[in-house]
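S.K.: Sequence and predicted structure, then a few things I'm wondering about:
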Amino acid sequence: MLPLLAGIGSIAITVSFLDLKKGSEVSTAESIPCVAWLHAWHVPYVESALIEIACIRSRLFEYSKAATSNLDSEVAFHSAGDVLAYSPRAAQIGFFSPFPNMWFSEKSSYQSQFFRAVAAVETLVMYVALLGVLLQFGLMFSTQSGVSREQFLATVALLFFSLIWVEVYALTTGNIGSIYRVRFPMMLLWIGMGVLAWQRVLGWLELREQRKYG
């Protein structure tokens, strides 16, 4: 559900920042320079932003079609429904790639293998941090967790902002190398929150044990 909401949020962000053109109402399934678009929402500015996303995605894959780190290069957007339906997958790629089956490749050069190994370590740290954040959300319902409602809402706001950031980029490109580099500032936010979450979780478990045997 959260990735889907982020997809909707990414649409709003894109509408705000893209250079939208007036008079974008065109007939159903009218062809534009890069994609054929089926107009179903009839919301001009929103659909213009989604068309821009579809065009950028098409052009980037055409430009980097020889890249070995592309994912879902066969996926193209032709309607607003296509973008929303792909939003959870975009969030998965944006946050969890490179996936374990991509960490090592015998066909890669030694230099490429080194960078893949570094990426693997960073991704593992990210996985652990995300698990800590999830545990933190679970503990916030406990009166002993020490997490106030304001802290929880602030955490959700920050993480949702970063989710939209990553979502927008993952919708426009499936090149893992590009996503890995661009998402780094947002990943620092998640990792930092994950470390704090694990610290709080471990502290809560220690307090629980003390009360149990004390």
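M.R.: Cool, got the structure.

S.K.: and Ala54, how many neighbours does it have?
M.R.: When neighbours are counted by other Cβ atoms under 10 Å, Ala54 registers 24. Any C-beta I mention is one placed from the backbone N, CA and C, and that applies to glycine too.

S.K.: got it, and Ala197?
M.R.: With neighbours defined by other Cβ under 10 Å, the count for Ala197 comes to 23.

S.K.: One more: Ile53?
M.R.: When neighbours are counted by other Cβ under 10 Å, Ile53 registers 19.

S.K.: pretty sure Met187 is touching Thr123, no?
M.R.: No. Between Met187 and Thr123 there is no contact, the gap being 9.4 Å when judged by Cβ atoms under 8 Å.

S.K.: residues shared between the contacts of those two?
M.R.: When Cβ atoms under 8 Å, 6 or more residues apart in numbering defines a contact, no residue borders Met187 and Thr123 alike.

S.K.: Quick one: mean pLDDT over stretch 158-174.
M.R.: On average, the pLDDT along stretch 158-174 is 88.

S.K.: If you count neighbours, what's buried in it?
M.R.: Of the residues in stretch 158-174, those with enough neighbours to count as buried (16 or more other Cβ atoms under 10 Å) are 159, 162-174.

S.K.: Switch those over to JSON lines; also include secondary structure and distance to Ala67.
M.R.: JSON lines is the format used below for the buried residues of stretch 158-174 (DSSP: H, G, I helix; E, B strand; the rest coil; distance: Cβ to Cβ, whole Å):
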{"residue": "Leu159", "secondary structure": "helix", "distance to Ala67": "30"}
{"residue": "Ser162", "secondary structure": "helix", "distance to Ala67": "25"}
{"residue": "Leu163", "secondary structure": "helix", "distance to Ala67": "25"}
{"residue": "Ile164", "secondary structure": "helix", "distance to Ala67": "25"}
{"residue": "Trp165", "secondary structure": "helix", "distance to Ala67": "22"}
{"residue": "Val166", "secondary structure": "helix", "distance to Ala67": "19"}
{"residue": "Glu167", "secondary structure": "helix", "distance to Ala67": "21"}
{"residue": "Val168", "secondary structure": "helix", "distance to Ala67": "20"}
{"residue": "Tyr169", "secondary structure": "helix", "distance to Ala67": "16"}
{"residue": "Ala170", "secondary structure": "helix", "distance to Ala67": "15"}
{"residue": "Leu171", "secondary structure": "helix", "distance to Ala67": "18"}
{"residue": "Thr172", "secondary structure": "helix", "distance to Ala67": "15"}
{"residue": "Thr173", "secondary structure": "coil", "distance to Ala67": "10"}
{"residue": "Gly174", "secondary structure": "coil", "distance to Ala67": "10"}
